[in-house]
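Enquirer: quick one, structure for this:
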Amino acid sequence: MKRLLTWILPLLLLPLAVAVHARDIDEGIDYQRLSPPLDTDAPAGKVEVMEIFWYGCPHCYHLEPVLHKWLEEHADKVHFVRRPSLLNPHWEVHARAFYAAQALEVGERIHQPLFDAIHKDHRRLNDLDSLARFFAEQGVDEQAFRDAYNSFYVETQIRRERELAGRGFVNGVPAVVIDGQYFTDATIGGGFDGMVQVMSHLVDKVLAER
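Expert: Alright, predicted model coming up:
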């Protein structure tokens, strides 16, 4: 009898375990629909997931490993892009650094080291000169960075970020937009783990509706 209960009890408890981990994800509660939606540029068969962030944001920094793991698990479904937030005018210096790195084709190489320098090493990289020195430490020509920082390309991207901030749906970072249609963040999504659950739900929803 004892042996039989050893086999039966896990089966009886399984529905309860599933119920504990199951979660309803609802529009207006866990995510919002954007109207009008944002333009996207994802390849066929993939869903654009856009992260809105700021290099000075500790929450954005701590989201990085969670987001990285999630992206690895959804690589076959997701086209990932980052956009630096301009919710605060003082954040423009980091937005310019982000787009300067893109212009110089070193964005992926610079991204994590810049985050680490600010949050792990506690460096004050809040102006052009300090950022230029940092980029030089990473093997980027300092003058090339300065030129890129003030380039027409970066000016164009900064205008685009001001327009996005002006839409008013982002109140804090990090935030995520899925397929240009749906917005969520850690506050409405339920922390980082809840946020990525909502992201998974929305990616699958978009693919199912195509």
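
Enquirer: can you list the weak-confidence ranges in the chain?
Expert: 1-22 (pLDDT under 70).

Enquirer: contact partners for the residue nearest the centre of it?
Expert: For the chain, the residue nearest the mean C-alpha position is Glu51 (2.7 Å; Cα atoms, centre = their mean). Applying Cβ atoms under 8 Å, 6 or more residues apart in numbering to Glu51 gives the contacts 67, 80-83, 174-176. The C-beta positions use only the backbone N, C-alpha and C, and glycine is treated the same way.

Enquirer: and for Leu104?
Expert: 140, 144-145, 148.

Enquirer: 10 Å - rerun?
Expert: Contacts for Leu104 (Cβ atoms under 10 Å, 6 or more residues apart in numbering) come out as 110, 135, 140-141, 144-145, 147-149, 151.

Enquirer: so when I look at Phe169, I'm seeing a strand, right?
Expert: No. Read with DSSP: H, G, I helix; E, B strand; the rest coil, Phe169 is coil and lies in no strand.

Enquirer: count of neighbours near it?
Expert: Per other Cβ atoms under 10 Å, the neighbour tally for Phe169 reads 16.

Enquirer: ok, the nearest residue to it once chain neighbours are set aside to Glu105 distance?
Expert: Nearest residue to Phe169, sequence neighbours excluded (Cβ to Cβ, 6 or more residues apart in numbering): Phe183, at 5.5 Å. Note on Phe183: its distance to Glu105, by Cβ to Cβ, to the nearest Å, is 30 Å.

Enquirer: more neighbours: the two, which one.
Expert: Phe183 (24 against 8).

Enquirer: can you map out the strands along the chain?
Expert: Listed in chain order, the strands found in the chain under DSSP state E are 32-33, 47-53, 78-84, 175-178, 182-185.

Enquirer: partner residues bridging the residue nearest to Phe169?
Expert: On DSSP bridges, the residues paired with Phe183 through beta bridges are Gln32, Val177.

Enquirer: tell me the contacts of it?
Expert: Phe183 makes contacts with 31-34, 37-38, 50, 52, 167, 169-170, 175-177, 189, 198, 202, as judged by Cβ under 10 Å, 6+ apart.
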